[in-house]
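Asker: Return atomic coordinates for the entry below.
(chains A and B)
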Amino acid sequence: MFNSIPILSLITFIPLFGALILGVIAKASGASGREQLDKNAPGVALVVSGVVLLLSFILTIDFNTASAGFQFIEELDWLGGGIKYRLGVDGISILFILLTAFLTPLCILASAKSIKSRMLEYMVAFLILETLIIGVFVSLDLILFYLFFEAVLIPMFIIIGVWGGKNRVYASYKFFLYTLLGSVLMLAAILWIYVYSGQQLGSPTTDMRVLMTELKIPGGAQTWLWLAFFASFAVKMPMWPVHTWLPDAHVEAPTAGSVILAGVLLKLGGYGFLRFSIPMFPNASLELAPIIFWMSVIAIIYTSLVAYRQNDIKKLIAYSSVAHMGFVTMGIFTFNMQGIQGGIYQMLSHGVISAALFFCVGVIYDRMHTREISFYGGLVKYMPVYAAFFMLFTMANVGLPGTSGFVGEILTMVGAYQVSPWIAAGAAIGMILSAMYALHLYREVIFGEQTNDKLDGIADMTKSEWIVLAPLAIMTIVLGVYPALITDITSVSVENLIADFATATGEK
Amino acid sequence: MLQTISLFAPQLLLAVTASLLLGFGVSKTGDRSIIVRYISVGLLVLFAFIGFILGQPIGEAFKGALHVDNYSHYVNMFLGLSAAAALMFSKSYFQTEKLDRYEYSILVLYAVLGMSIMVSANSLLSLYIGIELQSLALYVMAAFNRDSLRASEAGLKYFVLGAISSGLLLYGSSLIYGFTGSLEFDRIAEVVSAGATPGIIAGMVFLLCGLAFKISAAPFHMWTPDVYEGSPTPVTGFFSAAPKFAAMALIARLVVGPFGDVLAQWQQVIIALAIMSMFIGAIGGLAQSNIKRLMAYSSIANMGYALVPLAAGTAAGVKGMLIFMSIYVISVIGIFSCILQMRIRNGMVEKISDLAGLSKTNKSLAIILSMFLFSLMGIPPLLGFFGKWFAFAPAVGAGLTWLVVLALIASVIGAFYYLRLIKAMWFEEPENEFVEAPKTLRFLSGITVLMIFPLLMLPFIASSSQSLISLAAESLF
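Answerer: Take a look at the predicted model:
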């Protein structure tokens, strides 16, 4: 259907185009039309991101789930020397595009009320962010991938720093420098691969398809390259012990910033492991997998305990994100069907659930302007609908059967059990701990005695908050009861990944 | 005859017209600065392209003193254009500071003449003549605001330290002359390839140290922050673009030309200079509160990055250096044209805190300046990233991966001080009222911002048109 239309380029660059239009209108209207513009900006951004959502939906329907290779491929000359503009999707990346396209309109909708200043710039930053994130998932060229991957820092830095909370400057620096340090090491590795591909294949290339299948990197070098990529992805993920930027960034970022950060940006790390670390450095992955397992288990248990001790709702959810990402890394590095499928599932479901939880925090933060857990209590009296939504997402976060959180966690644990029962046992302890902090949070905020008079008469959810949270609730339940929706799309690509991995490590 | 003239046409053009303009300025009374400036800008643009207009002549002039090739055509183009841009953006500054004298334009012309001799130098004599002609013009420009204490200090400091570097250069040249018996690069190359004696190597190291002064590579960077801070801002902008490119181009010509066969020797020197510059530039800038001092450290660090591909000693490395330097020059011109557009009530913007809240008072300027800064950080999709990519790939190809890793780590440290500027512009509340920018500057930064988007830079970096730079780099080998 899309042989003639470059649909991936469209999906990627429509948001950027929308941002440019917003910027041009702003320039043309001058200072006088400024107020009107701030009012209209969310509407324009919503339409733009809606178009992207529609297109990515069509893309997903048109996607051939029986084929393991990349589809909708586009190729254009770019920098020369084997570096081209290459786009394509497979079963692993396509759902992340859909997730991004799904969350962005919700973020825009939620921000329309809660952002007080510089609305226009905020919307421009968000649309640019959407382009960059989708770009990461559609890139089939190493340089193009790196370009999008690192460019994400610019809008995110601005979003945290301009619209963030009290400590925003510190948080934005920490976010920027932490992730930059990780990604320059990856850049060094990419440079090495580029040069090495020239020596081995005759002409240098950054085509990921060629690098994954044809390039054979010797063992010692694989370990170094793996570590360099790991530095970048582990920070993005984030894995313990390099997770410390995340709570700061989350707490200071505006609601929608946290949503996009937890919902999509953290997935860049997991996606990177699947896309690069396993296919390109299979032997190093196999060799270093035990380290990943232990780091994941420590992350799951340690950050769950840390989450329990938080006074700030957002910080608690941030730490719980780190714990959930621990399940993802654990699943991915089992190299079996359940583990990897579970890892992908967990990423997508966490994208929905954590986004929903951050929206929930945003709802009460917009009313009370505090995120102190002790400030709240007894909210159920005034906000029954909110309490119900929050309950659903809390349970999904714990991994209650029937919600999407359960599927991901059980799959990764089944995968891990085949590798080592001990790992699975550690992760299971983490699940119990997650129930502990999540229920604690729910009890303190929603139930309990109302200790604070300021909460008197706090209003329940508004219509626009309904519109934001309802789709997320539906997704949580649908994915919880019908996982095949996702696994059908990913399975062929994952099988292919595992088969390639088995041949590559078997050759050794 | 005509053939020979076309070889040194760029130099001839500048030498003759600069002298004529000087005569014109001396003989005429009244305000001559404006007309001399416009003529000079036109001449510099003509100078930039004259090599291409004449069909890129290749050969040796003045009995081998100058070697004209695609390399010199390419570098001359950037020297001419960046000097023209620097001259353009000096206008409003000098006018408001009541410093507008026609001699400034002529000094720029002479400086560029010196640089173009450096770029084509094919003997130690023409190398020295080129450097001195350039340097003397630059010393005067640094102290151009002669009533200002800081500017005089900058000029004096630059002069004294520059004299030391000239001393090193001359001592190195004398050693090389003594041990090879020739001043010409071709002859020196023959002797070196037959077997380099320690005397020649010592001479080469002295030469490189003298040149390292000119590109302000650490540990010869001491003068840079003071001179950058003390000089009038447009002069600082000029200093950080064209002279750096010319000296870097000369270093490349020197190391791969006469000393091409002792790669192992000069590679160590270049690597040491690169590492020290990258880290001193990155760390030294962290605590600066003055934008010009910060840009000084930024240029030290960037010279370090530019030396990385050169250390590879291959044609690809020289090409990487040329691409990196071209992009660096564009970024620096852009940043200074932004800084010069901002005037607060009591003078120029000099401190980082003066930028506070720029995104509210002048949003488009804040966006443009931020893009240049992100570009200097090397964040894609901005041009600076591609500069780093093309610079570092040849170094990795030559087995210097560890050096590239160090360079990238230094660039993360350096990112912090660029972020401070961006933070001031975007995250802080405005403190100052900015005065409306003059038209010439808006025009200039408009042009530069168009250049920063790699998409619009496609002709520059896309495969088909890298051939110009490849040709330039290969003509050295």
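Asker: in which helix or strand would I find the residue in the stretch 201-350 of chain B that chain A sits nearest to?
Answerer: At 9.7 Å from chain A, B:Ala316 is the closest residue in the stretch 201-350 of chain B, using CB to the nearest CB. Every C-beta, even on glycine, is put in place using the N, C-alpha and C of the backbone. Take DSSP states H and E as the rule and B:Ala316 turns out to sit in helix B:315-341.
Asker: what's that helix packed up against?
Answerer: helix B:70-96, helix B:233-239, helix B:242-256, helix B:291-310, helix B:363-377, helix B:383-397, helix B:439-452, helix B:467-474 (3 or more CB pairs under 8 Å, 6 or more residues apart in numbering or on different chains; DSSP states H and E).
Asker: As CSV, the ones you listed with mean pLDDT would be great.
Answerer: Formatted as CSV, the helices and strands packed on helix B:315-341 follow (pLDDT from 0 to 100):
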stretch, mean pLDDT
helix B:70-96, 87
helix B:233-239, 91
helix B:242-256, 93
helix B:291-310, 93
helix B:363-377, 85
helix B:383-397, 88
helix B:439-452, 65
helix B:467-474, 79
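Asker: Rebuild the ones you listed as CSV, extending it with distance to B:Ile131 and mean neighbour count.
Answerer: Formatted as CSV, these follow (distance: least, CB to CB, whole Å; neighbours: other CB atoms under 10 Å in any protein chain shown):
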stretch, distance to B:Ile131, mean neighbour count
helix B:70-96, 14, 23
helix B:233-239, 15, 27
helix B:242-256, 8, 25
helix B:291-310, 16, 28
helix B:363-377, 27, 23
helix B:383-397, 24, 26
helix B:439-452, 28, 17
helix B:467-474, 21, 18
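Asker: wait, which of those helices is closest to A:Val251?
Answerer: helix B:363-377 (24.8 Å; CB to CB).
Asker: Kindly export the closest one (C-alpha atoms) in CSV.
Answerer: The C-alpha coordinates for helix B:363-377 follow below in CSV (Å, rounded to 0.1, in the frame of the first residue of the first chain):
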residue,chain,number,x,y,z
LYS,B,363,13.9,35.1,21.3
SER,B,364,15.2,34.6,17.8
LEU,B,365,18.6,35.7,18.8
ALA,B,366,18.5,33.3,21.8
ILE,B,367,17.5,30.4,19.5
ILE,B,368,20.3,31.2,17.0
LEU,B,369,23.0,31.5,19.7
SER,B,370,21.8,28.3,21.4
MET,B,371,22.1,26.4,18.1
PHE,B,372,25.6,27.6,17.6
LEU,B,373,26.5,26.6,21.1
PHE,B,374,24.9,23.2,20.8
SER,B,375,26.8,22.9,17.5
LEU,B,376,30.1,23.6,19.3
MET,B,377,29.2,21.0,21.8
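Asker: circling back to that earlier point, nearest to A:Asn283, out of the helices and strands packed on helix B:315-341?
Answerer: Per CB to CB, nearest to A:Asn283 of the helices and strands packed on helix B:315-341: helix B:383-397, 21.8 Å.
Asker: Show me what the helix or strand just after that closest one is packed against.
Answerer: Later in the chain than helix B:383-397, the nearest helix or strand by DSSP H and E is helix B:401-427. Identification of packing neighbours for helix B:401-427 by 3+ CB pairs under 8 Å, 6+ apart yields helix A:153-163, helix A:168-201, helix B:263-284, helix B:291-310, helix B:358-361, helix B:363-377, helix B:383-397.
Asker: right, and the helix or strand after the longest one?
Answerer: Toward the C-terminus, helix A:168-201 is succeeded by helix A:208-213 as the next helix or strand (DSSP H and E).
Asker: What I need now is the helices and strands packed on helix B:315-341 written out in CSV, including distance to A:Met436 for each item.
Answerer: As requested, the helices and strands packed on helix B:315-341 are exported to CSV (distance: least, CB to CB, whole Å):
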stretch, distance to A:Met436
helix B:70-96, 63
helix B:233-239, 60
helix B:242-256, 61
helix B:291-310, 49
helix B:363-377, 43
helix B:383-397, 45
helix B:439-452, 51
helix B:467-474, 62
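Asker: Output those as CSV; include the columns distance to chain A.
Answerer: Output for the helices and strands packed on helix B:315-341, formatted as CSV (distance: least, CB to the nearest CB, whole Å):
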stretch, distance to chain A
helix B:70-96, 18
helix B:233-239, 25
helix B:242-256, 20
helix B:291-310, 11
helix B:363-377, 6
helix B:383-397, 5
helix B:439-452, 13
helix B:467-474, 10
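Asker: With respect to A:Val468, which of the ones you listed lies nearest?
Answerer: It's helix B:363-377; of those, that one is closest to A:Val468 (CB to CB) at 29.5 Å.
Asker: quick one, what contacts A:Trp240?
Answerer: A:Met295, A:Ile298, A:Ala299, A:Tyr302, A:Thr303, A:Val322, A:Gly326 (CB atoms under 8 Å, 6 or more residues apart in numbering or on different chains).
Asker: which stretches of the stretch 201-350 of chain B have low pLDDT?
Answerer: Within the stretch 201-350 of chain B, the segments meeting pLDDT under 70 span B:345-346.
Asker: before we move on, the earlier item: which other helices and strands contact the helix or strand that the helix holding B:Ala316 is followed by?
Answerer: Later in the chain than helix B:315-341, the nearest helix or strand by DSSP H and E is strand B:343-344. Strand B:343-344 is packed against strand B:434-435, with contacts defined by 3+ CB pairs under 8 Å, 6+ apart.
Asker: From the structure, what's the count of residues near A:Ala388?
Answerer: If you count neighbours by other CB atoms under 10 Å in any protein chain shown, A:Ala388 ends up with 13.
Asker: And for A:Val468?
Answerer: 26.
Asker: ok now the host helix or strand of it, how far from the chain's centre?
Answerer: Using DSSP H and E, A:Val468 maps to helix A:463-481. Mean C-alpha position of helix A:463-481 versus that of the full chain (CA atoms, centre = their mean, to the nearest Å) differs by 18 Å.
Asker: Over to stretch B:158-176?
Answerer: 20 Å.
Asker: mean confidence for the helix holding A:Val468?
Answerer: Helix A:463-481 shows a mean pLDDT of 89.
Asker: CA atoms only: put it into PDB for me.
Answerer: Extracted C-alpha coordinates of helix A:463-481, given in PDB (Å, rounded to 0.1, in the frame of the first residue of the first chain):
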ATOM      1  CA  LYS A 463     -13.300  16.200  31.300                       C
ATOM      2  CA  SER A 464      -9.900  16.700  29.700                       C
ATOM      3  CA  GLU A 465      -8.300  14.600  32.400                       C
ATOM      4  CA  TRP A 466     -10.800  11.900  31.600                       C
ATOM      5  CA  ILE A 467      -9.900  12.100  28.000                       C
ATOM      6  CA  VAL A 468      -6.200  11.600  28.900                       C
ATOM      7  CA  LEU A 469      -6.600   8.800  31.400                       C
ATOM      8  CA  ALA A 470      -9.400   6.700  29.800                       C
ATOM      9  CA  PRO A 471      -7.400   5.600  26.800                       C
ATOM     10  CA  LEU A 472      -4.500   4.600  29.100                       C
ATOM     11  CA  ALA A 473      -6.900   2.600  31.300                       C
ATOM     12  CA  ILE A 474      -8.300   0.800  28.300                       C
ATOM     13  CA  MET A 475      -4.800   0.000  27.000                       C
ATOM     14  CA  THR A 476      -3.800  -1.300  30.400                       C
ATOM     15  CA  ILE A 477      -6.700  -3.700  30.600                       C
ATOM     16  CA  VAL A 478      -6.800  -4.800  26.900                       C
ATOM     17  CA  LEU A 479      -3.100  -5.600  26.900                       C
ATOM     18  CA  GLY A 480      -3.600  -7.400  30.200                       C
ATOM     19  CA  VAL A 481      -6.200  -9.800  28.900                       C
END
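Asker: Taking the stretch 51-200 of chain A, what residue is nearest to chain B?
Answerer: Using CB to the nearest CB, the point where the stretch 51-200 of chain A gets nearest to chain B is A:Gly80, with a distance of 2.3 Å.
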